[in-house]
Every structure is written in structure tokens, then in C-alpha cells.
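Asker: let me see the structure of the following:
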Amino acid sequence: MSELTLPQSTPFLKRVQRNHGLEHATVHLLTAKKHNKTKRFAGRADHNGFYLIGDFETADVEEAAHAALDRMNAGQHELAVHPNCGTNLVVSGMLAGAVAMVTMWGAGNDWRKNLDRFPRLVLMLTLTGMFSPAIGMRVQRDITTTAQMGNLQIVGVTKTRIGQRTMHRIETIN
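Answerer: Residues are numbered from 1 along each chain as shown. Sure, this is the predicted structure:
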């Protein structure tokens, strides 16, 4: 499949995409090291780096982030996408909403028309649920992340406690 053609990214957007890809690669390496024992974690990228919220040791986060950057620069571009990314949830929700709207279009307030369309709606939402993960991964690969790290560098990793949660900030420069 060919890559989607989008307008040239602004430097700001390109930095967010790079950090988002690096965030995913770091999570892949962290969860592989912990053998997926880390049940709850979250991440969020911005133009200056990314946050990881979860029960990770700072040394592990720093090691994984640097290893992820090295591996991405070495061509392991598949690390830039992650099946648990919020992009997948957004894509699934948007597709489900659009499918529901189109399927129920014209039924109005007539409960019989709505009831008659319900089996079709269930079928369409089931198909949407089957295909939306692949579409979400494609949207990640082509729009919300990039595997091209360019001159991205990690400049610091800091740990903060928020209540009982641990958060790490991974600062980058491009």
C-alpha cells in the first residue's frame, strides 16, 4: 500500500509525530522487558518529548527510550505504531459513529423503522469493529506518528509522583 499523501508537516507537527513514534517504540521495549506485566500505563507525546505514566523504574525508561531511538534509526520502523494507541480508539469511535448515522439515516422517530434497522446496525458495527484496528494502525503509521527520527535526541528523563502514580517525562530536541 502506498503512503497517504499529506501536506508537508510543519516543524512543530513533525516533532510531535517523531515523539509519538518514539513513545510507542519505548513502550514496546518496556513492555517486552516486563513481559507485559505492566497492566496499566499511558503515554502522551508533544513537541518537546513525551510522558509515560505507569509503574516503570527510571533507569528502565531511560534505557528503553535510548534503545528505541537507536532501533528506530536502524530501521525498525514497525516500533512507531502500537495497538493500544489512542489513535485506534478515536478511529474506531469515528467509524462506529459514522456507520451508525448512515445505517439509521431516515428512520426518524418511528420506532418500527429503528427496530427494523437494528440487525443491520449490529452487523455494520461488528464489521466496523473488525476492520477499525487495521485502519487505526494505518492512521498511526501515516498521520499521527513517524518512524523517521531525523536528528531527534533524548536530552533528559525525569520522574514525578502524582498520588500513587509514577510519571516520567522524556525530553527531546529535534
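
Asker: please parse the protein into its domains.
Answerer: Domain ranges of the chain: 11-81+145-173, 87-138, per automatic domain parsing.

Asker: endpoint to endpoint, the first one covers what distance?
Answerer: So that's domain 11-81+145-173. The straight-line separation of the ends of domain 11-81+145-173 (Cα to Cα, to the nearest Å) is 12 Å.

Asker: ditto for stretch 96-115
Answerer: Start-to-end, stretch 96-115 (Cα to Cα) is 18 Å.

Asker: give me the nearest residue to Y51, chain neighbours excluded.
Answerer: R44 (5.0 Å; Cβ to Cβ, 6 or more residues apart in numbering). Heads up, the C-betas are built off the backbone N, CA and C, glycines and all.

Asker: off-centre distance for the helix or strand where that neighbour lies?
Answerer: R44 is located in strand 41-46, with elements delineated by DSSP states H and E. When distances are taken as Cα atoms, centre = their mean, to the nearest Å, strand 41-46 is centred 9 Å away from the chain's centroid.

Asker: try stretch 20-38
Answerer: 12 Å.

Asker: sorry, back to before: among the domains of the chain, which is the most enclosed?
Answerer: Mean neighbours per residue, mean count of other Cβ atoms under 10 Å, is largest over those for domain 11-81+145-173, with a mean of 17.

Asker: and the strands in this structure?
Answerer: 41-46, 49-54, 153-162, 165-173 (DSSP state E).

Asker: mind listing the strands the longest one pairs with, and their directions?
Answerer: Take DSSP bridges as the rule and strand 153-162 pairs in its sheet with strand 165-173 (antiparallel).
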